[in-house]
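Asks: one predicted model, sequence on top.
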Amino acid sequence: MNKIALPFPVLKGSLLVLLAAVLLLFSLVSLPKVGFIVATILLLLGWVITFYVEGIYELADIPILFLVLGTFAYGRAFSLIGIPLGNVPLYVTEMMLGGSLGLLLLERKSLKKLWDEWRLPLPRGLTIVLVAYFLMGTLYLFIGVIGNGILALRDIVFCHYLPFLFITLSLLIKQAKIKSVIPFLIPGIIIVLYTGLTLFFIYHSSYPYKYPYKGFLRTAKMFNLSLYFGLIVIFGLSFFAFVKRKIKPVIGVLIHLSLLFVIMTEIRASWVGMIVAWIFLTILLKKEIKILLLILLLMAGSLFIIDYFQLAINKEKLADLKEEIMSIAQSNLESMRAANIKWRLSIWKQTIDEIRKSPILGWGYGTQIDYMIWNKRLSVLKAIGASTGILPAHNHVLAVIYKMGLVGLALFLFFNFRIFFCGLSYLKKCKSAFNRRFLIACLASLVYWHGMAFFFDLLESPTTGIFLWILLGAVLGVIYVDRNSENSAAKNVKGCE
């Protein structure tokens, strides 16, 4: 009997239409926040299952795909979904991590087969460093729970999200999977752009009917959004010259809006990260420098058109901006309006002072610094969860040293630099133009992530920290697939030498 082929393009199109209808309905009617999120999450889950039924992704891929899509779409609101287990909540990030590993083990039928699948894409020597870093974190977690109680569980973000790197290797083990990543993220891109539009042009405006958005946007964190918008910009720029001409206007609008939102979030860390990533892309995409410059010029025009900074008509605003720039340039922190820079430098200094007391092995998991902020001592709340009252160091390098010492930092920097330069050195060897673009986008995204993390607590937040491990795994995965492509004589060769 002949099999009936499901009309997958129609199914996917229908899901996108339903998603757009729910978003539009929420904009017009004061729907309950919970009902809105449940409806859209069910649509996202249906979208994930469609890719599975179509045969593009495997059953073991569903948890991480759902996690990435939900996190990208809702950020903190999605990550707070969990199951209360006494004093220790189990959140969706950890549930999807365990689900992915469990399903992978069931599908591969043995731990050895699964490890062999992961081992081949890893560069030589990297396996030992990754295992050492993970074991060091596990030891610190064990000691931390004994000494500091459940507060130590908060620090699993430093090491125990590392398995996402390996899960991503399994996710991107085939060329068809890599090519489906960007189309798969379309619903998440739609929702995050909807969030940006409502947040900046309705919620923070004089729009009289903005009540329905309050509950939805209350959990929207600007630094989460700035990371997601930045990733859209980077992938859009990387593929802009590669896509068909009829798709270029759509990609151009996505880049334009996303870059606009990166600026409007007013997260200076994302601005720094975007500048560095933009320079990096300019170096790698020399032939497309005119496109990059044109986008920048159009962006400048947009800022003046919407009068976001009010520089054209508000002389007082312009004077304030000049004062802030001059204060930063002169390091005049006492008179500087950008007081958050003074605050950040203060906690960096206090963190370094604590690091000097235990520089080699750090202070371990579950330990926190009782910072002095504006001449007042911060009281550390001994709890874990959504609102712990704990203030991170706002610098991922200092955070790793404080928790795991110089030994932990050395391991952390080694595998980050090793994977980054492995990808960078492979760019000229790429057989597939698509894979080269994808690799460039992943490398530029790593630059952006680290640029932001140097000034913000990206590593310590699940909604942003998971993307470090996913991007590292994506770099290794695309190299391995490209090297073992169909037109290659050798099979199952190491992904990166």
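Replies: Structure's in. What do you need? Numbering: from 1, shown residues only.
Asks: can you give me the helices for the stretch 201-350 of the chain?
Replies: For the stretch 201-350 of the chain, applying DSSP state H, counting those that start in this stretch gives helices covering 211-217, 222-239, 248-264, 268-284, 289-305, 315-329, 339-355.
Asks: where does pLDDT dip in the chain?
Replies: For the chain, the stretches with pLDDT under 70 are 1-8, 26-35, 86, 201-220, 294-340, 374-389, 486-497.
Asks: show me where it has strands.
Replies: 82-85, 88-91, 372-373, 376-377 (DSSP state E).
Asks: redo these as a markdown table? Include mean neighbour count and distance to residue 463.
Replies: Yep, even glycine has a C-beta here, placed from its N, CA and C like the rest. Shown next, in a markdown table, are these (neighbours: other Cβ atoms under 10 Å; distance: least, Cβ to Cβ, whole Å):
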| stretch | mean neighbour count | distance to residue 463 |
| --- | --- | --- |
| strand 82-85 | 10 | 13 |
| strand 88-91 | 14 | 10 |
| strand 372-373 | 12 | 24 |
| strand 376-377 | 8 | 28 |
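Asks: just put these in TSV and tack on distance to residue 46.
Replies: TSV is the format used below for these (distance: least, Cβ to Cβ, whole Å):
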stretch	distance to residue 46
strand 82-85	22
strand 88-91	23
strand 372-373	46
strand 376-377	50
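Asks: so what's residue 445 up against?
Replies: 230-231, 234-235, 277, 467, 471 (Cβ atoms under 8 Å, 6 or more residues apart in numbering).
Asks: return the member of these nearest to residue 68.
Replies: The closest of the contacts of residue 445 to residue 68 turns out to be residue 467 (Cβ to Cβ; 8.4 Å).
Asks: one step back: can you select the buried ones from the contacts of residue 445 in PyMOL?
Replies: In PyMOL, selecting the buried portion of these, with burial taken from 16 or more other Cβ atoms under 10 Å, looks like this:
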select buried, resi 230+231+234+235+277+467+471
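Asks: helices or strands next to the lengthiest helix in the chain in the packing?
Replies: Determined from DSSP state H, the single longest helix within the chain is helix 396-426. Other helices and strands packing on helix 396-426, by 3 or more Cβ pairs under 8 Å, 6 or more residues apart in numbering; DSSP states H and E, are helix 126-148, helix 339-355, helix 433-453, helix 462-483.
Asks: starting at the chain centroid, how far to that helix?
Replies: 17 Å (Cα atoms, centre = their mean, to the nearest Å).
Asks: and the angle from that helix to helix 126-148?
Replies: Interaxial angle of helix 396-426 relative to helix 126-148 (axes from the mean of the first three to the mean of the last three Cα atoms, to 10 degrees): 170 degrees.
Asks: mind listing what's buried in helix 396-426?
Replies: Quick answer for helix 396-426 (16+ other Cβ under 10 Å): 396, 398-405, 407-409, 411-412, 414-415, 418-420, 422-423, 426.
Asks: for residue 200, see how far away residue 266 is.
Replies: 10 Å (Cβ to Cβ, to the nearest Å).
Asks: the two: who's more crowded?
Replies: More crowded of residue 266 and residue 200, by other Cβ atoms under 10 Å: residue 200, with 17 against 11.
Asks: verify the stated contact: that one with residue 263.
Replies: No. Look at residue 200 against residue 263 with Cβ atoms under 8 Å: they stay out of range, at 10.0 Å.
Asks: ok, residue 52 - how many residues close by?
Replies: Residue 52 is surrounded by 15 other residues when neighbours are defined as other Cβ under 10 Å.
Asks: OK, contacts around the nearest residue to it once chain neighbours are set aside?
Replies: Spatial nearest neighbour of residue 52, chain neighbours left out: residue 62 (5.9 Å); criterion: Cβ to Cβ, 6 or more residues apart in numbering. Taking Cβ under 8 Å, 6+ apart, we find residue 62 in contact with 48-49, 52, 103.
Asks: 10 Å - rerun?
Replies: Contacts of residue 62 were listed using Cβ atoms under 10 Å, 6 or more residues apart in numbering, and they are 45, 48-49, 51-52, 96, 99-100, 103.
Asks: in the contacts of residue 445, find the pair that's most separated.
Replies: 277 and 467 (13.5 Å).
Asks: mind listing the shared neighbours of those two?
Replies: 231, 445-446, 448-449.
Asks: TSV for those residues, including distance to residue 349?
Replies: Listed next are those as TSV, based on distance: Cβ to Cβ, whole Å:
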residue	distance to residue 349
231	32
445	30
446	28
448	26
449	25
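Asks: closest one of the residues you listed to residue 152?
Replies: Of all the shared contacts of residue 277 and residue 467, residue 152 sits closest to residue 449, with 25.1 Å by Cβ to Cβ.
Asks: relative to residue 444, how far out is the closest residue to that closest one other than its chain neighbours?
Replies: Computed as Cβ to Cβ, 6+ apart, the closest residue to residue 449 that is not its neighbour in sequence is residue 468, at 5.7 Å. Distance of residue 468 to residue 444, given as Cβ to Cβ: 14 Å.
Asks: so which of the helices and strands packed on helix 396-426 comes closest to residue 273?
Replies: Among the helices and strands packed on helix 396-426, the nearest to residue 273 by Cβ to Cβ is helix 433-453 (3.0 Å).
Asks: tell me how far the closest one lies from the chain's centre.
Replies: With Cα atoms, centre = their mean as the basis, the mean position of helix 433-453 lies at 11 Å from the chain mean.
Asks: report the buried residues of that helix.
Replies: For helix 433-453, the neighbour count (16+ other Cβ under 10 Å) marks 435-453 as buried.
Asks: kindly report the same for stretch 184-192.
Replies: By neighbour count with 16+ other Cβ under 10 Å, stretch 184-192 contains the buried residues 184-185, 187-192.
Asks: list just the nearest of the residues you listed to residue 291.
Replies: The shortest approach to residue 291 among the buried residues of stretch 184-192 belongs to residue 189, at 20.3 Å (Cβ to Cβ).
Asks: contacts only, for the residue nearest to the closest one when sequence neighbours are not counted.
Replies: Nearest non-adjacent residue to residue 189, counting by Cβ to Cβ, 6+ apart: residue 232, 6.2 Å away. Residue 232 makes contact with 72, 185, 188-189, 192-193, 196, 251, 254-255, 257-259, 261-262, according to Cβ under 10 Å, 6+ apart.
Asks: list the residues that contact residue 242.
Replies: Taking Cβ under 10 Å, 6+ apart, we find residue 242 in contact with 248, 251, 288, 433-434, 436-438.
Asks: over to residue 121?
Replies: Going by Cβ under 10 Å, 6+ apart, residue 121 touches 166, 168-170, 172-173, 473, 475-481, 483-484, 494-496.
Asks: narrow those residues to just the buried residues.
Replies: Members of those classed as buried by 16+ other Cβ under 10 Å are 166, 168-170, 172-173, 473, 475-481, 483-484, 494-496.
Asks: fine by me, we can end here.
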